[in-house]
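*Asks:* predicted model and sequence below, questions to follow.
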Amino acid sequence: MIHFLVHSDRDTVGVVVVDGIKGGTEATGRVMETGATLMMRVLDDVPLGHKLAIADIAEQGTVIKYGHDIGRAIAPVRKGQHVHVHNLRTKRW
């Protein structure tokens, strides 16, 4: 079962494509560009359509989704954590 999708090898987040992933789950992801499979332990509950960190992201680090810069982390984010408005901001402000 595929739990999350990643577009590019450069991405730092994937998108949950199942009806949420519970913290503690061993999740499987797919990199769409290459077909590679990713395995990781999810640390937080992550709802359907939300982002999941697939790599550690430093505070003020750039978050990459679909191969594009979508903002900056406002706190350190560990691989497996939920990425959303509580730890991600646009770079416009």
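*Replies:* Here it is on my side, so go on.
*Asks:* strands of the chain, start to end?
*Replies:* Counting by DSSP state E, one finds strands in the chain at the ranges 4-6, 13-16, 26-31, 37-41, 51-53, 62-65, 68-73, 82-83, 88-89.
*Asks:* in its sheet, what does the second one sit against?
*Replies:* Right, the one you point to is strand 13-16. Taking DSSP bridges as the criterion, strand 13-16 pairs within the sheet with strand 4-6 (antiparallel), strand 51-53 (antiparallel).
*Asks:* looking at the ones you listed, which is closest to residue 34?
*Replies:* strand 4-6 (9.4 Å; C-beta to C-beta). The way it works is simple: take the backbone N, C-alpha and C, and place the C-beta from them, glycine included.
*Asks:* distance check, residue 79 against residue 43.
*Replies:* 8 Å (C-beta to C-beta, to the nearest Å).
*Asks:* need the contact list for residue 29.
*Replies:* The neighbours of residue 29, taking C-beta atoms under 8 Å, 6 or more residues apart in numbering as the test, are 2-6, 14, 37-40, 52, 54.
*Asks:* going through these, which ones are buried?
*Replies:* Under a neighbour-count criterion of 16 or more other C-beta atoms under 10 Å, the subset of the contacts of residue 29 counted as buried comprises 3-6, 14, 38, 40, 52, 54.
*Asks:* turn the strands paired with strand 13-16 into TSV, columns for distance to residue 62 and mean pLDDT.
*Replies:* Written out in TSV, the entries for the strands paired with strand 13-16 read as follows (distance: least, C-beta to C-beta, whole Å; pLDDT from 0 to 100):
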stretch	distance to residue 62	mean pLDDT
strand 4-6	16	98
strand 51-53	13	98
